[in-house]
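> Here is my input; please provide its structure:
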Amino acid sequence: MIDLFDNENGKLIGTITEPDLQVLADALEEESATDQDYYITGATIDLIGDGRATDHLMHLLRAALGPRESMEIRWSRR
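Prediction:
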C-alpha cells in the first residue's frame, strides 16, 4: 500500500494502490526517477478523472485539495 501525504502539513491524506500511483506517475510530471511528490490543482484532478483514476483516488485528492487552488502531495510505500 502507498500512503499519500499533504506536503504542507505532513498530514496523511489516505492510502492508495500501486495502480493509483501509476495513474499519478503517468499523468503528472516527475522531476527525477526518485521523485515522490506531485503538484496538483483542480485541473490536475479533472485530468486524471478521465476514467484512468479510481473513484477512491479522485475522492482523496478532491478532499485533500479542498478550497485551495493547489497543493503538493508526496507518497511513501509502507
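> Sketch out the low-pLDDT regions of the chain for me.
Judged against pLDDT under 70, the low-scoring parts of the chain cover residues 30-35.
> what does the longest strand along it contact?
What stands out as the longest strand in the chain, according to DSSP state E, is strand 70-77. Where contact means Cβ atoms under 8 Å, 6 or more residues apart in numbering, the residues beyond strand 70-77 that reach it are 1-8, 13, 16, 21, 24, 36-41, 61, 64-65. Yep, even glycine has a C-beta here, placed from its N, CA and C like the rest.
> okay, now L61: neighbour count?
Taking other Cβ atoms under 10 Å as the criterion, the count of residues near L61 is 25.
> repeat for L60
Using other Cβ under 10 Å, L60 has 20 neighbouring residues.
> follow-up on the earlier one: so how do I select the buried members of the contacts of strand 70-77 in ChimeraX?
Selecting the buried subset of the contacts of strand 70-77 in ChimeraX, with 16 or more other Cβ atoms under 10 Å as the burial test, is done by:
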select :2,4,5,6,13,16,21,24,38,40,61,64,65
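> Show me the contacts of strand 70-77 that map onto helices.
Among those, the residues falling in helices (DSSP state H) are 21, 24, 61, 64-65.
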